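J.: with the input below, show me the fold.
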Amino acid sequence: MDQVRILAQEERIRLDSDQLHSLYEQLGDVGAEEVVCRAMEELAVRLSLIERLYRQDRHGEMRKSARSLTGIAEQIGMNTLSRVAGDVIICIDTCDEVAMAATLSRLLRIGEQSLTEIWDMQGVEV
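T.: Numbering: from 1, shown residues only. Reported below is the predicted structural model:
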């Protein structure tokens, strides 16, 4: 019982390719790429802000940022990221600090993986 095990926390991230395809059909390649790039930038900013607000114990503002993150993520087919941001909101609303810490960590991991996944898709026909 003296050993500590470190668990690998990995989830397979899948983007909603139908959502991305629809975006490209509606806006064309150039327009869709602009939307996706702006969304990626905004998601990175929001994830960083949410983490900072958590550390500053500013849950009201954290909730607003998580809420806006859900809409941006859904727009570009990051449904898992959107769902986990919603879980963070639930933790804030129920004042469950332990669950919030765990769920926020998951949000940050999935956010990073999602941004990497969509970045890797750039240049690949959707």
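
J.: switch to C-alpha atoms for all contacts and neighbour counts from now on
T.: Fine.

J.: select the longest helix from this structure.
T.: In the chain, with assignment by DSSP state H, the single longest helix is helix 17-55.

J.: roughly how far is it from the heart of the chain?
T.: Centroid displacement of helix 17-55 relative to its chain, using CA atoms, centre = their mean, to the nearest Å, is 10 Å.

J.: likewise for stretch 65-75?
T.: So, by CA atoms, centre = their mean, the centroid of stretch 65-75 is 8 Å from its chain's centroid.

J.: hmm, who's touching it?
T.: 19, 39, 42-43, 46-47, 49-50, 79, 81-83, 85-86, 88-89 (CA atoms under 8 Å, 6 or more residues apart in numbering).

J.: just give me the closest of those residues to L27.
T.: Comparing the contacts of stretch 65-75 against L27 with CA to CA places Q19 closest, at 12.2 Å.

J.: contacting residues around the nearest residue to the closest one once chain neighbours are set aside?
T.: Among residues not flanking Q19 along the chain, G77 sits closest, at 5.2 Å (CA to CA, 6 or more residues apart in numbering). For G77, the contact set (CA under 8 Å, 6+ apart) comprises 15-20.

J.: buried subset of these?
T.: Neighbour-count burial (16 or more other CA atoms under 10 Å) is assigned, among these, to 15, 19-20.

J.: what is the nearest of those to I118?
T.: Closest to I118, out of all of the buried ones among the contacts of G77 and judged by CA to CA, is L15, at 7.6 Å.

J.: helix, strand, or coil at that closest one?
T.: With DSSP: H, G, I helix; E, B strand; the rest coil as the basis, L15 sits in coil.

J.: wait, doesn't it sit right on M78?
T.: Yes. Between L15 and M78 there is a contact at 5.3 Å, judged by CA atoms under 8 Å.

J.: okay, and the common contacts of these two?
T.: Common contacts of L15 and M78 (CA under 8 Å, 6+ apart): S114.

J.: where does pLDDT dip in this structure?
T.: Applying pLDDT under 70 to the chain picks out residues 1, 7-9, 122-126.

J.: what does stretch 29-49 rub up against?
T.: With contacts defined as CA under 8 Å, 6+ apart, stretch 29-49 is touched by 23-24, 26, 62, 65-66, 69, 72-73, 76, 108, 111, 115, 122.
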